[in-house]
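**Q** Only the shape, not the letters, is given here:
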């Protein structure tokens, strides 16, 4: 139980940090001046790809966390 709690806390912190990174990426691109600059240099696709990569990493952490929950809960009901 204690090991699960520690691991769950680590996963929650990692997920939170990654979610923040994705949010910062989105907010940096969505500021009016930045939107104009990105469009002016034709970097829309590159910025979208960077944001997509951040979201993929966030999903990875969420899947790991959900798997840990499932294993733990499954072990409790056995």
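**A** Good, I have the coordinates. Note that the coordinates shown come from a computational prediction; the quantities given were computed from them, not determined experimentally.
**Q** so how many other residues sit close to residue 2?
**A** Number of residues near residue 2 (other Cβ atoms under 10 Å) recorded here: 6. For every residue, glycine as well, the C-beta is placed using N, CA and C.
**Q** residue contacts, residue 47?
**A** 29, 38 (Cβ atoms under 8 Å, 6 or more residues apart in numbering).
**Q** Assign it to one of the three secondary structure states.
**A** What DSSP: H, G, I helix; E, B strand; the rest coil gives for residue 47 is helix.
**Q** ok, now residue 42?
**A** Strictly by three-state DSSP, residue 42 counts as coil.
**Q** From residue 73, how far out is it?
**A** For residue 42, the distance to residue 73 equals 48 Å [Cβ to Cβ, to the nearest Å].
**Q** Ok, residue 5 next?
**A** Taken as Cβ to Cβ, the span from residue 5 to residue 73 is 14 Å.
**Q** Same check on residue 51?
**A** Taking Cβ to Cβ, one finds residue 51 at 33 Å from residue 73.
**Q** Pull out the buried residues from stretch 52-63.
**A** 54, 55, 57, 58, 61 (16 or more other Cβ atoms under 10 Å).
**Q** Give me the contact list for that stretch.
**A** The contact list for stretch 52-63 (Cβ under 8 Å, 6+ apart) reads 11, 14, 15, 18, 19, 21, 22, 25.
**Q** ok, so of those, who is nearest residue 33?
**A** Nearest to residue 33 among those is residue 25, at 16.1 Å by Cβ to Cβ.
**Q** Verify the contact between that closest one and residue 51 for me.
**A** Yes: the pair residue 25 and residue 51 passes the contact test of Cβ atoms under 8 Å, sitting 5.2 Å apart.
**Q** Find residues that contact each of these two.
**A** Between them, residue 25 and residue 51 share no contacting residue, judged by Cβ under 8 Å, 6+ apart.
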